[in-house]
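>>> Kindly generate the corresponding structure for this input.
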Amino acid sequence: MTIWMIIRNSLRHHALSTGITAVSIGLGCGLLMSVWVVNFQTQRAFKNLTGGFDSILGPRGSQLQLVLNSLFHMDSSPGLVKAFDYRLFREKYKRFYKRAVPIAVGDNLKGYRIVGTTLELFEVEHSPGQKYELAAGEKFIQNATQWNKEAVIGHTVAAQLGLGINDTFQPYHGLNFTEGQMPHKDIYSVTGILKPSGTPADRVIWIPIEGLQQMDGHDPRFAGDVSAVLIQMSDNTTARAFGMNSLDSIYNKGTDHLTFVKSNEDVVARLFDQFAWAESVLRWVAYLVAVVAAAGVLASIYNTMNERRREFAILRALGARRSTIFSVIVLESATIAALGVLIGFAVYAIILLAAEGTLRNEIGVSLHPMEPHKVMLIVPVVMVAFGALVGIIPAAKAYGTDVAKNLTPQS
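Numbering: from 1, shown residues only. Next up, the predicted model:
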């Protein structure tokens, strides 16, 4: 009888305890991997999804709120940039930037945000090497003197609201939709649907900025104002740094009504730093689950030692060496851990798919559950090694089995 046959028969004989212990290890392993990967991919996604813009000019207030509202289409707008300030920025400080794209927010369609902007937005890479592309139709027509009531909608909006090319809709005032709310009188037509981008833009309806500024029901006094200006700095590293520092000094220190976000990526990084404690708590919970599961392996095997003494004595009498008995127990413990690791990958997949679905539906950010990560190799190897390690204790007990004493039949 080979070592692996002995291990297989033992696991089959103690199937219930083996299964429970393997599931415990799987939970710990899956939780550890998912905490690491979700944290890594979420941070990467948020830091990369700057829409291709380096900085933002907006009303005085929280820089984080300005970034979340302008780039991730979350939170409320902190206010407005007056038409005079917007024109002054574009004309006086043009040497500091490559592109400056205005956006205006304030309306929605059944909870999906409507954002007024210019066609220049679609010329910028929202992620490295990627621009917004149309899956069907064409972009809206930009006309400063008489706006066209046309819209380009994100992929998620089209799927969730069932909108297609040439379909029409009426916007609702405000960023939150309530049943029974009366819509604006303006009727917009869908001219284009964007391909899935894995960005918050999938949940946005884009219209000409003049349309949102001059929509029926909006105060004409604010017709030229914008919610924020998305700024793409120079490609030259030195010029970009100089421009950022100059605009930071001009607006954050020289005015009391405007805010300049020097680096969108830095603001997002600070956001994750604020919640680093939550990730640490989840990771320690995962460590605890893994340790408890490993202890379960020890208890499961150790508790079977008394009933297996005769089995080991017979093996010794048949010529098995003490080292062979020792190896059987250590390998059995490692095998249980390996079974747990397989379950852990299933747990990991479930958690990642759930997290991906939630982030995609709520924010528009996509994760990649099947993307490999080094932790997916490190954690399984450590768990199997840990399982083998805890198996040394019962293995040592089996190693010292008295052959003559335990060959005597037990009543």
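>>> Next, count neighbours for residue 184.
16 (other CB atoms under 10 Å). All C-beta spots, glycine's among them, are computed from the backbone N, C-alpha and C.
>>> got a pLDDT number for it?
On the pLDDT scale, residue 184 is placed at 89.
>>> Kindly report the same for residue 343.
93.
>>> Secondary structure element for residue 241, which one?
helix 237-247 (DSSP states H and E).
>>> can you give me the offset of that helix from its chain's centre?
Taking the mean of its C-alpha atoms, helix 237-247 sits 31 Å from the chain's own mean (CA atoms, centre = their mean, to the nearest Å).
>>> list the helices and strands it packs on?
When contacts are defined as 3 or more CB pairs under 8 Å, 6 or more residues apart in numbering; DSSP states H and E, helix 237-247 packs onto strand 55-59, strand 228-233.
>>> Just checking: what are the partner strands of the shortest one?
Listed by DSSP bridges, the sheet partners of strand 55-59 and their directions read strand 228-233 (antiparallel), strand 258-261 (antiparallel).
>>> and stretch 28-43, how far out from the chain's middle?
That offset, for stretch 28-43, works out to 10 Å (CA atoms, centre = their mean).
>>> Please work out the average pLDDT along it.
Per-residue scores along stretch 28-43 average to 86.
>>> Could you list the alpha-carbon positions for that stretch in PDB?
Presented in PDB, the C-alpha positions along stretch 28-43 are these (Å, rounded to 0.1, in the frame of the first residue of the first chain):
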ATOM      1  CA  GLY A  28      -9.400  32.000   5.100                       C
ATOM      2  CA  CYS A  29      -7.500  31.500   1.800                       C
ATOM      3  CA  GLY A  30     -10.200  33.000  -0.400                       C
ATOM      4  CA  LEU A  31     -10.700  36.000   2.000                       C
ATOM      5  CA  LEU A  32      -7.000  36.700   2.100                       C
ATOM      6  CA  MET A  33      -6.600  36.700  -1.700                       C
ATOM      7  CA  SER A  34      -9.700  38.700  -2.300                       C
ATOM      8  CA  VAL A  35      -8.900  41.400   0.200                       C
ATOM      9  CA  TRP A  36      -5.500  41.900  -1.400                       C
ATOM     10  CA  VAL A  37      -6.700  41.800  -5.000                       C
ATOM     11  CA  VAL A  38      -9.800  44.000  -4.500                       C
ATOM     12  CA  ASN A  39      -7.700  46.600  -2.700                       C
ATOM     13  CA  PHE A  40      -5.000  46.500  -5.400                       C
ATOM     14  CA  GLN A  41      -7.300  46.600  -8.400                       C
ATOM     15  CA  THR A  42      -9.700  49.200  -6.900                       C
ATOM     16  CA  GLN A  43      -6.800  51.600  -6.100                       C
END
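>>> can you list contacts of the helix holding residue 241?
54-55, 57, 93, 95-97, 231, 233-234, 260, 262-263 (CB atoms under 8 Å, 6 or more residues apart in numbering).
>>> repeat that for 10 Å
The set of residues external to helix 237-247 that reach it, using CB atoms under 10 Å, 6 or more residues apart in numbering, is 54-55, 57, 89, 93, 95-98, 231-234, 236, 254, 260-263.
>>> ok, of those, which come out buried?
Taking 16 or more other CB atoms under 10 Å as the criterion, what is buried in the contacts of helix 237-247 is 54-55, 57, 89, 93, 96-98, 231-234, 260-263.
>>> could you point out which element follows the one helix or strand residue 69 maps to?
In this assignment (DSSP H and E), residue 69 forms part of helix 63-71. Downstream of helix 63-71, the first helix or strand assigned by DSSP H and E is helix 83-92.
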